[in-house]
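Need a 3D model of the following:
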Amino acid sequence: MICQRCGTYMADEALNCDHCGTLLSGHSPLSGATGVRAIRQGRMDSVPPVLPDDARTDIPEYGDYDMSPLPLEQERGVRRKVAPKGLNSFASRPSTHRGIPVNARGLSRHIGSSHARTHAVKRHPVNWMLVSLLILVLVILAAAGYWVYMSGTDEGQRTTARRIVEASSEFTLELASSKDDLRQKEREDLLGNMRSAPAQAYWLVGQEFIDKGDLDQAIMSFRLANILDPESYDGLLLLANAYELNNDSTSAEKEYLTLCETVAPSRTEAYTALIRMYQDQERNPDAANMMLQAYENTDRENFRVQRKDFIPNIPQVDLPAGRHMLEQTVHLTSPQGYDIYYTLDNGAVLPEEGSFTEDGVVTIPEGTLTLRAVCCSQDLVSDPLSVTYTVFYPTPPAPKANLAPNTYTKRRDVSLRPGDMPKEKSREEKDQTYTYYYTIDGSTPTLESPVFDGTPIDLPSGRVTLRAVAVNQYGKMSSICEVSYKFDVKPALPPIYSDVDKFRGFTLNATSPDDFRQHFGAPAGEADTRYLSLDNDAQHWDYDWGHAVFTLTNNKWVLVRVEMNREITAGPRNVGFDNSEEDITSAYKDMGQVRNPNGNRGLYYDDINLGRVLLNEDGAKTVYYSCNTTASNIWVLEYHLKGNRVNQIIHYYRP
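Here you go, the predicted model:
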């Protein structure tokens, strides 16, 4: 075989070249086929044979195809080189007749026309594509590992949160809390970036900043965490503590109150912090209120005890709650000698709207009232005392009449006496004194009704109803005593005023302007006006004796009011100017009611408004009548008296 390095011919069983020591590869499956024939047969590692450097006449050369000897005279165009010292040749020819002088492994250079010395070509064993692929895989694995580290480990999450906190500002917080629809996309992007680390990481980073003394960054971290996790009690407590450490008591109080009122009212930490803060700021009322709120929400007894020792004691009262007869006097005392403010108004705020009592005496009037009182020591206020009293006065029994209800043929009088007192009554009830008020015109007796002074009451003829009440010295009024009588006495009383009682020459709601002008002449002046509550067109006519008013009703002008200052026509029942009160009331039905304490008296039983005698402030009197007509109109007739004589008559329609 041929050595692939130096070309020395060796025996087939040789393992190493005797000349250069190279490991022989003669056992390769391709070692027996070289040259062009091997290339054509697809043996890619075959190379052209190495020709000997010098011509050898004693050894024939062979071709690649039919192993025929080459002509000796063929020009090779290659300068022969002298073999190295100690060698017979370059071993390009076999030293024996066996084999073909070829290089089967292709490690030797091709023989060219250059005269330079030939060297074996070395193949580079590095696969750069494979190296690049390995590097890319390593980069991907490194990136994945970094992502897993940053998102899946506590330290990585804190690192992400720390980076976001350091890059944040007030604008970041404002944008994260914005409700503006135009900034919604920007806000969502910001929140997406913030959520790259969980809220817990921000809380932990904030604690790290506190440990380093960087309170501003700690507050920023806590505020970002609060946006992501607004219901974290422990986190918000850290934020409030950071505000307090940063001397921002206003923000700290706000966060503490949020914890107490919204996040977790049943936990105690925020209440304790607020109570301490209020006491440090000498806001004692706020501290007391917070102690009460903490006790009510947490049911912790220590808050109640703390508040009891902090505020004044509740005032004491000497009258127990309950029902009491007559007006009561209550004495309030403070166990510690503090000022006492009280109120009987359930809506009043103590102590601001209460009354100060120097001697502690409070009067409880009639009714069901709640006495509330507090003790005050500077700005500290005790819990309120609250006692409900029901104070009542004895009610007199209804009076009785000494004339039994019946039908009588003669006029009678009647007197009133006290009603029957129940057997089981207190001394206060038995010592009552009474005043009797009564009516006989059908109206309900009041404190302005006639007073029964012991003189018998004359009852008129016809049907009469006596109504009476008793009023004791405490102002309590009894129920009504009502007794009906009928007196068949001749002559009978005249009828009450009605629509048949008309003036000569005109009728309300019927007389037209032309008829009125024809009877009373043309007016001195006419003017448009408005009549009482009507929206109809109206005209006012002036005369030397008074005026008349017409309204347009159903497309027809009719008379609605006449005011006379002197007599122009005959009045109903021949009662008119210069008549007295007795003349008028005797012409119409009068039930005989006496005057009330205010000087007024009723005339009719059916309705007090049908007939009255009114006493004016200037001492003049007015006899007033009204009636409902058959056409469902209301007519009013007024006689105005001056010096007990009629000096004006007004007759009008009342809508």
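
and Ala225, helix, strand or coil?
helix (DSSP: H, G, I helix; E, B strand; the rest coil).

One more: Val562?
Put simply, Val562 is strand when judged by three-state DSSP.

and the gap between it and Asn609?
21 Å (C-beta to C-beta, to the nearest Å). In short, each C-beta sits where N, CA and C put it, glycine included.

ok, the two, which is more surrounded?
Remark: of Val562 and Asn609, Val562 carries more neighbours, 25 against 13, as counted by other C-beta atoms under 10 Å.

Give the bridge partners for that one, please.
Taking DSSP bridges as the rule, Val562 bridges to Ala548, His651.

contacting residues for it?
Phe503, Phe506, Leu508, Gly546, His547, Ala548, Val549, Ile650, His651, Tyr652 (C-beta atoms under 8 Å, 6 or more residues apart in numbering).

As TSV, those with neighbour count and distance to Thr268 would be great.
TSV is the format used below for these (neighbours: other C-beta atoms under 10 Å; distance: C-beta to C-beta, whole Å):
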residue	neighbour count	distance to Thr268
Phe503	19	91
Phe506	19	91
Leu508	24	84
Gly546	17	88
His547	18	86
Ala548	23	88
Val549	19	82
Ile650	17	82
His651	23	85
Tyr652	18	80
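
JSON lines for those, including pLDDT?
Shown next, in JSON lines, are the contacts of Val562 (pLDDT from 0 to 100):
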{"residue": "Phe503", "pLDDT": "95"}
{"residue": "Phe506", "pLDDT": "95"}
{"residue": "Leu508", "pLDDT": "96"}
{"residue": "Gly546", "pLDDT": "96"}
{"residue": "His547", "pLDDT": "96"}
{"residue": "Ala548", "pLDDT": "97"}
{"residue": "Val549", "pLDDT": "97"}
{"residue": "Ile650", "pLDDT": "96"}
{"residue": "His651", "pLDDT": "96"}
{"residue": "Tyr652", "pLDDT": "96"}
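
so which of these comes closest to Glu244?
Among those, Tyr652 lies closest to Glu244 (C-beta to C-beta), at 81.4 Å.

gap between the closest residue to the closest one other than its chain neighbours and Arg612?
For Tyr652, ignoring the flanking residues on the chain, the nearest one in space by C-beta to C-beta, 6 or more residues apart in numbering is Arg561 at 4.0 Å. Per C-beta to C-beta, Arg561 is found 20 Å from Arg612.

now swap in Asp488 and tell me
Taking C-beta to C-beta as the measure, Asp488 falls 27 Å from Arg612.

higher neighbour count, the two?
Arg612 (19 against 11).

Contacts only, for that one.
Shown in contact with Arg612 (C-beta under 8 Å, 6+ apart): Asn600, Arg601, Gly602, Leu603, Val623, Tyr624.

Ok, Thr444 next?
Thr444 sits next to Arg467, Ile480 when contact means C-beta under 8 Å, 6+ apart.

Backbone dihedrals for the most centrally placed residue in the chain, please?
Note on the chain: the residue nearest the mean C-alpha position is Thr262, at 13.6 Å, using C-alpha atoms, centre = their mean. Here is the backbone geometry of Thr262 (degrees, to the nearest 10): phi -120, psi -50.

Next one: the closest residue to Thr629 other than its chain neighbours from Phe550, what distance?
Once flanking residues are discounted, Thr629 sits nearest to Asp499: 3.9 Å by C-beta to C-beta, 6+ apart. Going from Asp499 to Phe550 by C-beta to C-beta gives 19 Å.

Same check on Val646?
Using C-beta to C-beta, Val646 is found at 25 Å from Phe550.

so which of the contacts of Arg612 is the most crowded?
Neighbour count (other C-beta under 10 Å) singles out Gly602 as the most crowded of these, with 26 neighbours.

residues contacting that one?
Applying C-beta under 8 Å, 6+ apart to Gly602 gives the contacts Thr439, Asp441, Gly442, Ser443, Met591, Gln593, Ile608, Gly611, Arg612.

Mark which of these are buried, thanks.
Among the contacts of Gly602, those buried by neighbour count (16 or more other C-beta atoms under 10 Å) are Thr439, Asp441, Gly442, Ser443, Met591, Gln593, Ile608, Gly611, Arg612.

Let's see the pLDDT reported for the closest residue to Gln473 other than its chain neighbours.
Nearest non-adjacent residue to Gln473, counting by C-beta to C-beta, 6+ apart: Thr433, 5.1 Å away. Thr433 is assigned 88 on the pLDDT scale.

Thr433: how many residues sit nearby?
Thr433 has 11 nearby residues by other C-beta under 10 Å.

Equivalent analysis for Ile2, please.
29.

Can you verify my assumption that it contacts Asp12?
No. Between Ile2 and Asp12 there is no contact under C-beta atoms under 8 Å: 10.8 Å.

who's in contact with Leu257?
Going by C-beta under 8 Å, 6+ apart, Leu257 touches Ala270, Leu274.

If we go by neighbour counts, what in the helix or strand where it lies is buried?
Secondary-structure assignment from DSSP states H and E places Leu257 in helix 249-258. By neighbour count on 16+ other C-beta under 10 Å, the buried set for helix 249-258 is Ser251, Ala252, Glu253, Glu255, Tyr256, Thr258.

want to throw those into TSV with distance to Tyr295?
Shown next, in TSV, are those (distance: C-beta to C-beta, whole Å):
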residue	distance to Tyr295
Ser251	26
Ala252	22
Glu253	20
Glu255	22
Tyr256	17
Thr258	20
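
got TSV for these, with distance to Leu534 and pLDDT too?
Putting the buried residues of helix 249-258 into TSV (distance: C-beta to C-beta, whole Å; pLDDT from 0 to 100) gives the following:
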residue	distance to Leu534	pLDDT
Ser251	69	93
Ala252	71	93
Glu253	66	93
Glu255	69	92
Tyr256	69	93
Thr258	65	92
